[in-house]
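1. sequence first, then the predicted structure:
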Amino acid sequence: MNPLSRRALAAAIAAQSLAPAAALAVDRLVPSPYATIQAAIDAAGNADAVVVSPGTYRENLIVDGKGCTIRSASGNPADTIIDGSAATEPAVAFVGGAQATIRGFTIRGGEAYNSSRCPNMPHTGGGICVDGASPTIEDNVVTANSACTGGNGIGVWEHSSPIIRRNRIVSNTPGPCSGGGAGGGGVMLEGGSADVVENVIENNDSAMDGGGIAATAGTHRIERNVVRNNHTWGYGGALATGINGRRLSLALTISGNLFHGNGAQDGTGGLYLDDGTVTMAGNTVAQNAGVQLFATNWGGNATSTDDVVDGGVQCQDGVFGGVGGRITFRSSLVSGIVTGLGCAFAPGTDGNVSGSPRFVAPAQKDFHLRPDSPAVDAGVSVRDLAALDLDGEARTIGPLPDMGADEFA
């Protein structure tokens, strides 16, 4: 080895010896030595885990700029409960760019009413508010929370990119207060870019639009969720977009979901499309009260590919005549009446089919396809189609994907 190489090697070894050691991950245990979850969060570094033993913790948590993992020790939401009922604040608030993960809890009793924790959305996000943060929220039960202006379960504001995955978001209700907003009994998306994936969103109630989900701004993916038995006193029992025609930038991809049993006071129990660009692929929409899909003349604009819509569809005509709301169908099945100039649906054209989807047992809420369903092997492969069906099976088993959320196997 020449002298220059020896000097370079010695310098490299010296530099390595002077480099700071990587921080070791620490488990911050609750209730001992940390008496509260908040105390453990405050002490945690980004690589740390806050590990919470079974029990009920009456706290309103704020996760400000943290990247730690907050998890129940048992992994069972039934025995580890965050109860936010002690204050009119969300049960959990993610702010300040937080990239933390929360997993395995029941999150209940939060109320968004003049919240100081999420200043940009003080009346939204009763169970969990996400304000300028990008947490992962997974494997929780979010229940019995409330908010004044929507997101009774979970609310998401601008500059946020949360992953909301494998949760049960159930029985959240409007708060005992009045206000505007756009609803979202289960989940409210008011900006940012959220992934809402593999959740069960059910039995939520909204005073405004969107009994299950409402989206007003941002770019979001809603994939492989079951959205059922939600109700709104406004529009869109399952899902609603827009705020009464306000022109906000919204792009929504809705793929591989099952929407059923939802209701709305005005009869739009399914999906109510009031604004934005909506791309639907491989969904099943069935047994919602009244209209299954409704596009308003304010700016509802959607494409439907490989969907099964068991019921009626309406595109509202323009205020002064002509086309208003638009839904363009391709390789989709619609069993009911399609009305409105903007609803481009013609059986036998562009692969579209009318008639019964032939579910296995719709009276028992089994919306799997029978082998003789006209939806089997009748879809097309598109970029926005989820890779797996609602049961987690491969999306294309036959020569072509099936229509709807279920791939017949």
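-> That came through fine. Numbers count the residues shown, from 1 in each chain.

2. for the rest of this, base every contact and every neighbour count on C-alpha atoms.
-> OK.

3. give me the longest strand you can find in the chain.
-> Criterion DSSP state E: the longest strand present in the chain is strand 213-223.

4. helix or strand right after that one?
-> strand 226-228 (DSSP states H and E).

5. mind listing what the helix or strand following that following strand pairs with, with the direction of each?
-> Later in the chain than strand 226-228, the nearest helix or strand by DSSP H and E is strand 231-232. Using DSSP bridges, strand 231-232 pairs in its sheet with strand 205-206 (parallel), strand 263-264 (parallel).

6. buried stuff in the longest strand of the chain?
-> Judged by neighbour count (16 or more other C-alpha atoms under 10 Å), strand 213-223 contains these buried residues: 213-223.

7. which of those sits closest to residue 361?
-> For these, the closest approach to residue 361 (C-alpha to C-alpha) belongs to residue 223, at 23.5 Å.

8. show me the beta-bridge partners of the closest one.
-> residue 197, residue 255.

9. same question, the one 4 residues further on
-> The residues paired with residue 227 through beta bridges, assigned by DSSP bridges, are residue 201, residue 259.

10. just list what whatever helix or strand residue 251 lives in packs against, helices and strands only.
-> Using DSSP H and E, residue 251 sits in strand 250-255. When contacts are defined as 3 or more C-alpha pairs under 8 Å, 6 or more residues apart in numbering; DSSP states H and E, strand 250-255 sits against strand 213-223, strand 277-281.

11. switch these over to CSV; also include mean pLDDT.
-> Conversion of those to CSV gives the following (pLDDT from 0 to 100):
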stretch, mean pLDDT
strand 213-223, 95
strand 277-281, 95
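
12. let's have these in CSV, adding distance to residue 260.
-> Output for the helices and strands packed on strand 250-255, formatted as CSV (distance: least, C-alpha to C-alpha, whole Å):
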stretch, distance to residue 260
strand 213-223, 13
strand 277-281, 16
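
13. select, out of these, the one closest to residue 157.
-> That would be strand 213-223 among these, by C-alpha to C-alpha, at 9.0 Å.

14. which residues does the residue lying closest to residue 125 once chain neighbours are set aside bridge with?
-> Leaving aside its chain neighbours, residue 125 sits nearest to residue 155 (3.9 Å; criterion: C-alpha to C-alpha, 6 or more residues apart in numbering). For residue 155, the beta-bridge partners under DSSP bridges are residue 129, residue 188.

15. neighbours of residue 155, just the number please.
-> 32 (other C-alpha atoms under 10 Å).

16. hang on, residue 183 packs against residue 206?
-> Yes: with contact defined as C-alpha atoms under 8 Å, residue 183 counts as touching residue 206 (5.6 Å).

17. okay, the two: which has more neighbours?
-> For residue 183 versus residue 206, the count of surrounding residues by other C-alpha under 10 Å is larger for residue 183: 39 against 35.

18. low-scoring stretches of the stretch 151-300 of the chain, by residue?
-> Across the stretch 151-300 of the chain, the ranges flagged by pLDDT under 70 are 178-182, 243-248, 299.

19. list the buried residues of the strand holding residue 251.
-> Applying 16+ other C-alpha under 10 Å to strand 250-255 flags 250-255 as buried.

20. a markdown table for the residues you listed, including distance to residue 122?
-> Conversion of these to a markdown table gives the following (distance: C-alpha to C-alpha, whole Å):
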| residue | distance to residue 122 |
| --- | --- |
| 250 | 22 |
| 251 | 24 |
| 252 | 24 |
| 253 | 27 |
| 254 | 28 |
| 255 | 31 |
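
21. among those residues, which one sits closest to residue 74?
-> Out of the buried residues of strand 250-255, the member with the shortest distance to residue 74 (by C-alpha to C-alpha) is residue 255, at 32.1 Å.

22. tell me the contacts of that closest one?
-> By C-alpha atoms under 8 Å, 6 or more residues apart in numbering, the contact list for residue 255 reads 221-224, 280-283, 384-386.

23. of those residues, which is the most crowded?
-> Highest neighbour count within those: residue 282, with 36 neighbours (other C-alpha under 10 Å).

24. so residue 363 sits in a helix?
-> Yes: Residue 363 forms part of a helix when assessed by DSSP: H, G, I helix; E, B strand; the rest coil.

25. from residue 287, how far out is it?
-> 10 Å (C-alpha to C-alpha, to the nearest Å).

26. neighbour count winner among those two?
-> Neighbour totals were compared for residue 363 and residue 287, and residue 287 leads with 22 against 9 (other C-alpha under 10 Å).

27. doesn't residue 266 make contact with residue 235?
-> Yes: here residue 235 reaches residue 266: they are 6.4 Å apart, a contact under C-alpha under 8 Å.

28. any idea how many residues pack against residue 119?
-> Counted by other C-alpha under 10 Å, the residues lying close to residue 119 total 11.

29. quick check: closest non-adjacent residue to it.
-> Per C-alpha to C-alpha, 6+ apart, closest to residue 119 is residue 131, 7.9 Å.

30. residue 170 versus that neighbour, what's the distance?
-> The span separating residue 131 from residue 170 equals 22 Å under the rule C-alpha to C-alpha.

31. tell me which of these two has more neighbours.
-> residue 131 (31 against 25).

32. per-residue confidence at the more buried one?
-> At residue 131, the pLDDT value in this model is 96.

33. my guess is it meets residue 158, correct?
-> Yes: assessed by C-alpha under 8 Å, residue 131 is found in contact with residue 158 at 6.8 Å.

34. how about the helices of the chain, start to end?
-> Assignment of helices within the chain using DSSP state H yields the ranges 3-18, 37-43.

35. which stretch in the ones you listed is the model least sure about?
-> Among those, helix 3-18 scores lowest, at a mean of 47.
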